[in-house]
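Asker: Have a look at this prediction, sequence included:
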Amino acid sequence: MSGSPPPTGGFVRRVGLFQATAINMSQMCGIGPFVTIPLMVAAFGGPQAVIGFVAGAVLALCDGLVWAELGASMPGSGGSYVYLRQAFQYRTGRLMPFLFVWTAMLFIPLIMSTGVVGFVQYLGYLAPDLTGTQGDLVGLGVITLVVILLWRGIEHIARIAAVMWTVMIASVLLVIVAAATDFSPHMAFTYPAHVFDLTSDRFWLGFAAGLTIGIYDYLGYNTTAYMGAEIKDPGRTLPRSILLSILGIMAIYLLLQIGTLGVIDWHRMTDPRDIASTSVASAVLEKTWGKGAADTVTVLILVTAFASVFTGLLGGSRVPCDAARDRVFFRSYAKLHPRHRFPMLGLATMGAITAIGFLIGRHTDLATLIQLLTTVMVIVQALAQIVALSVLRGRRPDLRRPYRMWLYPLPSVVAFAGWCVIYGYADENSPGRHPMEWSLAWLALGCAAYLVWARLERVWPFGPKEISEEYGTAPTPRAERAGT
């Protein structure tokens, strides 16, 4: 037998490879590099900050291979929820998928809220007299518009995402080309003394901070995995969309980072009074091609920021849907729009939390918000998912795997180590904020909520474990020969 087809839960498979890659890249790029280049420079204390983007790319690529195998094998709605449910159901019942949805309802909107914060930052370049209250209202309006645009069928959304991807590519390329016209190798490659002293605590603290910022900039390579039930030929499309988007964004980021450092003195990026610390891409265009060109490209960057929030909420809103259908989350989240077949309550809830996160980010600082969302995500998604891959290889060797991780288990080991570095140094890089403690507190609250919910639902540990191996098994050799 070839195994049962992967469940879609009412979703329609209409997203192809180009659209899937565009959705990932739009979410990955967004406003991220345009607002984090100054943060990266401040973390490293010089133009050697490019190390952070390289380290982030390596971690994203290794972790992306984990997503690629799991997504191709189990292409359902919800991404990590599906993988954790299938891997850990044998020992802890529904605990791990419940905790994932619990944390995802927080960290996914927090990621989106940073994009809206960046949107308002760059809008300040075009409207320098924008007040704090006006900026708050603009950000809330952007979030509302995103939700309205997502309130439609996936085939229309995929076309919108493709258009936004084109704008994103145009904005990034214009900044790269502008930087190339006035590039100074001396500025880009002259480093402060002793910055590569590997025995220095300062280097490793900077590296950990840079790795955290770097992986934040790459987050989004897994967006289509959350939409697995809406992807055409997911066994081939999902792995390719993940790997192509990571490699494409890697090249773009390196050119953008090096080009920017070759035009703008890195000291300006660390001065909060300088426009280069909040709108560095606009500063590049203003210095190279003049104020008119800077204004035009800033508008494109605003569209890019909007696109990242759009695609992020598109994928994230699917997370609680699968859990609700399996009675691992509030059942009302399982309801799809009767005509357009999208999860209405998931989209509305994540839109609301994004608005709250945006207001928090506006009145604290972006680096702290990045630290918080990253630490919340690491334990329940990043580390647990790497373990899930190995568990499933042992528990279900017969699982249909259209794609298998290259050089297994080396990428898993590298990804696990990278995430541990990010988590372990979280408090070091954010003194006084304690993101690690906040993430553990949120996790403990989630465990308590699970116990209450499990008691009401009479599931493990207050009832039997319900084992459900719904994804297809690999074809037998005889079936394979028969099908050829």
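Answerer: On my side now, so go ahead. Numbering: from 1, shown residues only.
Asker: what's the burial count for residue 217?
Answerer: 28 (other Cβ atoms under 10 Å). Every residue, glycine included, has its C-beta placed from N, CA and C.
Asker: how would you label residue 413: helix, strand or coil?
Answerer: The three-state label given to residue 413 by DSSP: H, G, I helix; E, B strand; the rest coil is helix.
Asker: In the stretch 151-300 of the chain, where is pLDDT below threshold?
Answerer: The stretch 151-300 of the chain contains residues with pLDDT under 70 at 153-158.
Asker: ranges for the helices of it?
Answerer: Ranges of helices in the stretch 151-300 of the chain, per DSSP state H, counting those that start in this stretch, are 154-181, 185-189, 201-218, 223-226, 234-261, 266-269, 280-289, 291-316.
Asker: Nearest to residue 90, out of those?
Answerer: helix 223-226 (22.3 Å; Cβ to Cβ).
Asker: Tell me how far residue 280 lies from residue 317.
Answerer: 31 Å (Cβ to Cβ, to the nearest Å).
Asker: swap in residue 92?
Answerer: 26 Å.
Asker: out of these two, which sits in the more crowded spot?
Answerer: Neighbours were tallied for residue 92 and for residue 317 using other Cβ under 10 Å; the higher tally belongs to residue 317 (27 against 16).
Asker: so what's the more buried one up against?
Answerer: 150, 342-343, 346-347, 350 (Cβ atoms under 8 Å, 6 or more residues apart in numbering).
Asker: Pull the most distant pair out of these.
Answerer: So for these, where distance means Cβ to Cβ, the most widely separated pair is 342 and 350, at 12.2 Å.
Asker: Of these two, which one has the most company?
Answerer: residue 350 (28 against 22).
Asker: ok, that one touching residue 314?
Answerer: No. Here residue 350 does not reach residue 314: they are 10.0 Å apart, not a contact under Cβ atoms under 8 Å.
Asker: Got phi/psi on residue 130?
Answerer: phi -60, psi 120 (degrees, to the nearest 10).
Asker: ok, for it, nearest residue in space, not its chain neighbours?
Answerer: For residue 130, ignoring the flanking residues on the chain, the nearest one in space by Cβ to Cβ, 6 or more residues apart in numbering is residue 124 at 5.4 Å.
Asker: go on, residue 87?
Answerer: Using Cβ to Cβ, 6+ apart and skipping the chain neighbours, the partner closest in space to residue 87 is residue 388 (3.6 Å).
Asker: The one you found: what's it in contact with?
Answerer: With Cβ under 8 Å, 6+ apart, residue 388 has these contacts: 70, 83-84, 86-88.
Asker: Where does it sit, in terms of helix or strand?
Answerer: helix 384-395 (DSSP states H and E).
Asker: Restricting to C-alpha, output that helix in CSV.
Answerer: Taking Å, rounded to 0.1, in the frame of the first residue of the first chain, the C-alpha atoms of helix 384-395 are listed here in CSV:
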residue,chain,number,x,y,z
ALA,A,384,11.7,20.2,20.8
GLN,A,385,11.2,20.0,17.0
ILE,A,386,14.8,18.9,16.5
VAL,A,387,14.3,16.1,19.0
ALA,A,388,11.0,15.3,17.3
LEU,A,389,12.8,14.5,14.0
SER,A,390,15.0,11.9,15.7
VAL,A,391,12.1,10.5,17.7
LEU,A,392,10.0,10.0,14.5
ARG,A,393,13.0,8.4,12.7
GLY,A,394,13.1,5.8,15.5
ARG,A,395,9.4,5.4,16.1
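Asker: mind checking pLDDT for residue 394?
Answerer: Turning to residue 394, the model gives it a pLDDT of 93.
Asker: OK, contacts around residue 57?
Answerer: Contacts of residue 57 (Cβ under 8 Å, 6+ apart): 214, 218, 246, 250, 253-254.
Asker: what ranges do the helices span in the stretch 1-150 of the chain?
Answerer: 17-29, 32-44, 50-73, 80-92, 95-126, 132-150.
Asker: and of those, who's closest to residue 470?
Answerer: Going by Cβ to Cβ, the one of the helices of the stretch 1-150 of the chain nearest residue 470 is helix 80-92, 8.1 Å.
Asker: per-residue confidence averaged over that closest one?
Answerer: 90.
Asker: Phi, psi for residue 74 please.
Answerer: Dihedral angles (degrees, to the nearest 10) for residue 74: phi -130, psi 70.
Asker: which one is residue 222 nearest to, not counting chain neighbours?
Answerer: residue 67 (4.7 Å).
Asker: For the closest residue to residue 114 other than its chain neighbours, give me phi and psi.
Answerer: If the residues on either side of it in the chain are set aside, residue 114 comes closest to residue 369, at 5.7 Å by Cβ to Cβ, 6+ apart. Main-chain torsions, residue 369, degrees, to the nearest 10: phi -60, psi -40.
Asker: Can you give me the pLDDT of residue 369?
Answerer: 70.
Asker: repeat for residue 430
Answerer: Residue 430 is given a pLDDT of 58.
Asker: And for the one 5 residues further on?
Answerer: Residue 435 is assigned a predicted lDDT (pLDDT) of 77.
Asker: The one 3 residues further on now?
Answerer: Reading off the confidence values, residue 438 has pLDDT 80.
Asker: Could you list the low-confidence segments of the stretch 351-484 of the chain?
Answerer: 365-367, 427-433, 472-484.
Asker: which stretches of it form helices?
Answerer: 366-377, 384-395, 410-424, 426-429, 435-457, 477-483.
Asker: Generate a markdown table for those, with distance to residue 225 as supplementary columns.
Answerer: Listed next are these as a markdown table, based on distance: least, Cβ to Cβ, whole Å:
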| stretch | distance to residue 225 |
| --- | --- |
| helix 366-377 | 14 |
| helix 384-395 | 10 |
| helix 410-424 | 15 |
| helix 426-429 | 25 |
| helix 435-457 | 22 |
| helix 477-483 | 26 |
